[in-house]
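Chemist: Task: produce atomic coordinates for the following.
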Amino acid sequence: MFENDTDFLDQHFLIDKKIIDDFVNYAMIDKDDHVVEIGPGKGNITEILLNKANKVTVIEKDDRLIPYLLELKKKYSNLEIIHSSVLDTYIPDCDKIITSLPYSIIEPFINKVIKCKFKTLTMIMGSNYIDEVMNKSNNKLALLTNSFFNVEKLEDIEPSSFEPQPRTKSGIIKLSHIKLDKITDKKRFIIRQLFFYRNMKIKNALKEAIISYENCSQNIAKDKITKLNIDESILEDKMETISNNDLDVLVKKIELL
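Modeler: A predicted model of the protein is given here:
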């Protein structure tokens, strides 16, 4: 009843049993957990989760993969299927999120999950993204991730662990929310607030961030920004649209505060 596997060559399915076991074990699923799996594919990992968790909600966009999940639904009453793109649907409050996503949607995905309620997010991602986050690079995606989450790198994954094989290495990381009131580092606090005010001009967002961190007046905050001598084109931009080059310049200025 299912389509041929050749119809799914645009998907990279995790086939290495050891890596699959590691991936699930890192998520530390408890019997009372509600787990959300994003991009379950054919449901190989889903079935493991269903035997460990109280409830599993899967979010799958690909029409061709839904029949595999419906077969699982016949066997497991604790499975809920959401047939949609994760970027277009509500991610329910849960205990754990587990996912492997294409690099092309990681930035909007991170933007989405900063507002979601969960304890941990265990994720397989390309090594480039993981390296940038772990090295705390001054690009938008790494700064966004490190501003809102504690990040733990767990394991490297070779391309041979997937079918078909991706062109680059991957890895497993775990993210957990950082509460704003737990951030003591000024740079991290201010950058996080800039992302929070992403649609505000940077000069205004930076002012609000400084006021929040230092509990100072607007005039004092403005004076601090003036002394940083930031190019006006950057101050008039927004975090939503700023280039990585300009963001690097901005971050280095913020370090002088």
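Chemist: so what's the closest residue to residue 111 other than its chain neighbours up against?
Modeler: In space, residue 111 comes closest to residue 144 once its chain neighbours are excluded; the distance is 7.0 Å by C-beta to C-beta, 6 or more residues apart in numbering. In short, each C-beta sits where N, CA and C put it, glycine included. Residues counted as contacts of residue 144 (C-beta atoms under 8 Å, 6 or more residues apart in numbering) are 107, 110-111, 114, 195.
Chemist: Please name the bridge partners of residue 171.
Modeler: Beta bridges link residue 171 to residue 125, residue 156 when assigned by DSSP bridges.
Chemist: Produce a ChimeraX select command limited to the buried residues of the contacts of residue 144.
Modeler: Typed into ChimeraX, the line below selects the buried ones among the contacts of residue 144, using 16 or more other C-beta atoms under 10 Å:
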select :110,111,114,195
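Chemist: In helices, which of the contacts of residue 144 fall?
Modeler: 107, 110-111, 195 (DSSP state H).
Chemist: Next, format those as a markdown table and append pLDDT and distance to residue 47.
Modeler: Formatted as a markdown table, those follow (pLDDT from 0 to 100; distance: C-beta to C-beta, whole Å):
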| residue | pLDDT | distance to residue 47 |
| --- | --- | --- |
| 107 | 90 | 30 |
| 110 | 95 | 28 |
| 111 | 93 | 30 |
| 195 | 95 | 37 |
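Chemist: Test my guess that residue 175 contacts residue 146.
Modeler: No - if you go by C-beta atoms under 8 Å, residue 175 and residue 146 don't touch, sitting 9.9 Å apart.
Chemist: Between helix 106-113 and the helix or strand hosting residue 147, find me the angle.
Modeler: Here residue 147 sits within helix 140-148, counting by DSSP states H and E. Calculated by axes from the mean of the first three to the mean of the last three C-alpha atoms, to 10 degrees, helix 140-148 forms an angle of 20 degrees with helix 106-113.
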